[in-house]
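Asker: I would like the atomic coordinates for the input below:
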Amino acid sequence: MSADAEGDAKLPAQGQSAAERHIQVLGAFVLRARRVEAHSLASDVEALWKVSAVEMVIEVTREATFIRQTFPPEEQVESAAARVRPILLETEEVYHRKVMNALGFFARDAGAELIEKIAALRREWTRIQPRGTNVLGSSVQMEHPDGTRSDFLSDTQLAFAWIYGDVVHNDSERLAATEMHGVEGRFKAAAPIVARLMLLTISTLNATRKLRTLGLIELPDALFEAEVVVRETTFRSRANVWTAPLGTPIPDHLRPPPTEG
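Answerer: A predicted model of the protein is given here:
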């Protein structure tokens, strides 16, 4: 099976044309990507870029030299990871390979510049390998005071150990492999990669918007206008309220009328 075929393997094929399947994928992706775009971490794109760039500040004092890194709160990064996670799963309709296949399908007449942009996005998505060992920004080795050293681990290994070991699952194998780095070491690797995933998602959403603006794909306005996040969590609705002792039958005049059939 080719890479492209594998990416589309989970799509419903019967009775659908290729264009219809790709539209279905992009429709689902737009809603998911807008949810990522609406996350608080994405409210300041420049700050998000800084997180993804693994910025370090060297502090030199009379006593020692320190490396200082500043990241958003763990809970904030954790919620962002949950929002991008479906885009990493092959079984999901919004899996990035399926999305890129769909964009490539509709971008055939988009012009060289946009075609190259989509190709570049595809290459960047391909670098994200949850089961891989590739280095996206850094690799780290830990040494204890007794001289015990860990293996050099890539940021990919540490980041997905945090995501799948500390956050959304409890993958004991990943946790054991990164034990010497601890949850802090795993988080320090994960925060930049989660930020990178958010930026990739938003860039892919913008490419989708561009194709739509050019008239190369038809997606309904509702996908871009529907609420995708809960912004107000205090709910106040006008209602009629009745009380009665526990076990009292509901009076007939309060029961909804039967539906047709």
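
Asker: CA atoms for contacts and neighbours, from now on please.
Answerer: Fine.

Asker: In which helix or strand does the residue positioned nearest the centre of the chain reside?
Answerer: Compute the mean C-alpha point of the chain, and by Cα atoms, centre = their mean the closest residue is residue 84, 0.9 Å away. Here residue 84, judged by DSSP states H and E, is contained in helix 74-84.

Asker: could you dump that helix to CSV, C-alpha only?
Answerer: Extracted C-alpha coordinates of helix 74-84, given in CSV (Å, rounded to 0.1, in the frame of the first residue of the first chain):
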residue,chain,number,x,y,z
GLU,A,74,1.4,22.5,32.0
GLU,A,75,-2.5,22.5,32.1
GLN,A,76,-2.6,24.9,29.2
VAL,A,77,-0.2,22.8,27.1
GLU,A,78,-2.1,19.7,28.1
SER,A,79,-5.4,21.0,26.8
ALA,A,80,-3.7,22.1,23.6
ALA,A,81,-2.2,18.6,23.1
ALA,A,82,-5.7,17.2,23.5
ARG,A,83,-7.0,19.5,20.7
VAL,A,84,-4.3,18.5,18.2
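
Asker: How about residues contacting that helix?
Answerer: Residues outside helix 74-84 that contact it (Cα atoms under 8 Å, 6 or more residues apart in numbering) are 32-33, 35-36, 39-41, 163, 167-168, 187, 191, 194, 197-198, 201.

Asker: I'd like to know which of those is nearest to residue 133.
Answerer: Closest to residue 133 out of the contacts of helix 74-84 is residue 163 (14.8 Å), distances taken as Cα to Cα.

Asker: what ranges do the strands span in this structure?
Answerer: 57-60, 65-68, 139-140, 153-154 (DSSP state E).

Asker: Give me the helices and strands touching the first one, please.
Answerer: I take that to be strand 57-60. strand 65-68 (3 or more Cα pairs under 8 Å, 6 or more residues apart in numbering; DSSP states H and E).

Asker: Run the chain-centre distance for the strand it packs on.
Answerer: Chain-centre distance of strand 65-68: 31 Å, with Cα atoms, centre = their mean, to the nearest Å.

Asker: Could you do stretch 234-242 as well?
Answerer: Relative to its chain's centre, stretch 234-242 lies at 35 Å (Cα atoms, centre = their mean).

Asker: Rounded mean pLDDT for it, please.
Answerer: The average of the pLDDT scores along stretch 234-242 is 92.

Asker: Need the distance between the two termini of it.
Answerer: The straight-line separation of the ends of stretch 234-242 (Cα to Cα, to the nearest Å) is 22 Å.

Asker: buried stuff in it?
Answerer: By 16 or more other Cα atoms under 10 Å, stretch 234-242 has no buried positions at all.

Asker: residue contacts, the residue lying closest to residue 104 once chain neighbours are set aside?
Answerer: Using Cα to Cα, 6 or more residues apart in numbering and skipping residues adjacent in sequence, the residue nearest residue 104 is residue 118, 7.0 Å away. Going by Cα under 8 Å, 6+ apart, residue 118 touches 100, 103-104, 204, 207.

Asker: Find the pair from those residues with maximum spatial separation.
Answerer: Using Cα to Cα, these span at most 11.4 Å, a distance reached by 104 and 204.

Asker: In terms of neighbours, single out the busier of the two.
Answerer: Under the criterion of other Cα atoms under 10 Å, the comparison of residue 104 against residue 204 puts residue 204 first, with 24 against 18.

Asker: residues contacting the more buried one?
Answerer: Residues near residue 204 by Cα under 8 Å, 6+ apart: 118, 121.

Asker: per-residue pLDDT, residue 61?
Answerer: Residue 61 is given a pLDDT of 92.

Asker: on that earlier part again, nearest to residue 17 among the strands of the chain would be which one?
Answerer: The closest of the strands of the chain to residue 17 is strand 153-154. By Cα to Cα, the value is 41.3 Å.
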